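In: give me coordinates for this.
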Amino acid sequence: MRVAILGAGSDIARVISHALMLSGLLSEGDELVLIGRRDGKSAFIVRGMAEDFAEAFADKGVNIIASIDLVDAWGDFLIFVASVPDPAHFTRIFHRERLAEDNFKLVGQILPSLKSNRERIGWVIVVTNPNELLVKLLGDALETNRIVATGALVDSFRFRFEIATDLNVKPSQIEAWAGGEHGPNMLFFWSNVKIDGQILDKATISKLSCPSREFLEQKRTQAFQVIERVLEQEGLDAAYKALRPFPTEVRAIVKSYLTHTSGAKTGGIASQAVLKLMKAILSDEPKILCSQTFSEFGTVGVPIALSRKGIDIKVDILSEEERKALYEVGETVKRKIEVLISTQNCQQ
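Out: Next comes the predicted model:
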């Protein structure tokens, strides 16, 4: 098996690479290709990473390859982590449009090389934000629907953790899925939340969930205001504590911005999402999870059954209300992507 990581010199990609080497997914004779940018410091980083990994995991017999050439961006898995710098500040949500514009330009520079490797690329796993835009651009250019992104899965992990916190149980006892847009229009699929394999009762859902989208938006805005003030006056620990009284969904959205503010990034959760997607793809039995991919809703996060056979969209497991919300978010994201592509093409 060959796995190529594009943008391997970034903080998050380095965590993903290390987690992959520890995962057992790569065997003797397999290849891990770490691709950096020719004119950036990552050109040096990936060379050092390759040497470090070769020494650390010598017993595994995996061939570690450092590259600064996009011609090497192919394999059974292409993990796309390449991105322009993303400000490590919790208010970066307000810079999402700028990030989209910059990464659109970045992808435009990379696509010609990827197209030449089209026949040699098996699955694409997108980590780069905005996930929805990247899935659209890469999927269309490579003419593949074997493309999934980590955003909805990361959001699901966070959603599960916050539910477990509120119910005072272990996260492993909770199954919970989130989808929609990885960012402003995140959706939480309460109808499928389970504890110890049993659907969560309506009374508990009513207690934990936000009663409306408007309520969620209001509380999210309040949460950002609170943590900004507390962070400045009392520090990061106090800011995390200040989030605790807010609703489950709000914490699932806002807490990650505090983590970015710390400078730690979110490589741990991103790496686990990548591994979960890879394991599902390598499995004969379909695994239910959520991911950004192509569907009738566009490229937003949807429930899917994923296996080596491909992707089966599973929105039928959602309630009618959740499917309606997913459609609305999908249309909103489609319009944003269309406007961005049109605007950027006009400027070129």
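In: show me what contacts Val107?
Out: With contacts defined as CB atoms under 8 Å, 6 or more residues apart in numbering, Val107 is in contact with Leu134, Leu137, Leu138. Backbone N, C-alpha and C define where each C-beta goes, glycine included.
In: hmm, 6 Å instead?
Out: Applying CB atoms under 6 Å, 6 or more residues apart in numbering, we find Val107 in contact with Leu137.
In: so it belongs to a helix, correct?
Out: Yes. Counting by DSSP: H, G, I helix; E, B strand; the rest coil, Val107 is found in a helix.
In: look up how far Met278 lies from it.
Out: 22 Å (CB to CB, to the nearest Å).
In: could you give the separation of stretch 130-146 from the chain centroid?
Out: Relative to its chain's centre, stretch 130-146 lies at 14 Å (CA atoms, centre = their mean, to the nearest Å).
In: an error on my part: the question was meant for stretch 286-301.
Out: Chain-centre distance of stretch 286-301: 12 Å, with CA atoms, centre = their mean.
In: give the rounded mean pLDDT of it.
Out: Averaging pLDDT along stretch 286-301 yields 98.
In: who touches it?
Out: So stretch 286-301 is contacted by 131-132, 135-136, 139, 145, 148-149, 151-153, 156, 177, 179-181, 280, 302-307, 311, 313, 326, 329-330, 333-334 (CB under 6 Å, 6+ apart).
In: same question for stretch 214-233.
Out: By CB under 6 Å, 6+ apart, the residues outside stretch 214-233 that reach it are Cys210, Ala238, Ala239, Ala242, Phe246, Pro247, Glu249, Val250, Ile253, Val254.
In: with adjacent residues omitted, what lies nearest to the fourth one?
Out: Pointing back at Ala242 there. Val230 (4.5 Å; CB to CB, 6 or more residues apart in numbering).
In: and the next helix or strand past the strand or helix carrying that neighbour?
Out: Using DSSP states H and E, Val230 sits in helix 213-234. Following helix 213-234 in sequence order, the next helix or strand is helix 236-243 (DSSP H and E).
In: buried stuff in that next one?
Out: Leu236, Ala239, Tyr240, Ala242, Leu243 (16 or more other CB atoms under 10 Å).
In: from Ile35, how far out is Ala50?
Out: In terms of CB to CB, Ala50 sits 11 Å off from Ile35.
In: out of these two, which sits in the busier spot?
Out: Neighbours per residue (other CB atoms under 10 Å) separate Ala50 from Ile35, with Ile35 holding more: 28 against 21.
In: my guess is that one contacts Leu6. True?
Out: Yes. The pair Ile35 / Leu6 is scored as a contact, 5.0 Å apart, by CB atoms under 6 Å.
In: can you tell me, leaving aside adjacent residues, what's nearest to Cys210?
Out: Nearest to Cys210 is Leu216, by CB to CB, 6+ apart, at 4.1 Å.
In: if we can go back for a sec, any quick ChimeraX command for the buried ones out of the contacts of stretch 214-233?
Out: Only the buried entries of the contacts of stretch 214-233 go into this ChimeraX selection, using 16+ other CB under 10 Å:
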select :210,239,242,246,247,249,250,253,254
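In: ok so, going back, helices - which of the contacts of stretch 286-301 land there?
Out: If you go by DSSP state H, the contacts of stretch 286-301 have 131-132, 135-136, 139, 151-153, 156, 280, 326, 329-330, 333-334 in helices.
In: how far does stretch 111-127 sit from its chain's centre?
Out: Taking the mean of its C-alpha atoms, stretch 111-127 sits 18 Å from the chain's own mean (CA atoms, centre = their mean).
In: quick one, domains of the chain?
Out: 2-150, 151-348 (automatic domain parsing).
In: how far away from the center of its chain is the last one?
Out: Spelled out, it's domain 151-348. How far domain 151-348 lies from its chain's middle: 10 Å, per CA atoms, centre = their mean.
In: cool, and the shortest one?
Out: On the basis of CA atoms, centre = their mean, the separation between the geometric centre of domain 2-150 and that of its chain is 13 Å.
In: begin at 56, not 1, for the rest of this chat.
Out: I'll keep to 56 as the first residue from here, and by that count the last item is domain 57-205.
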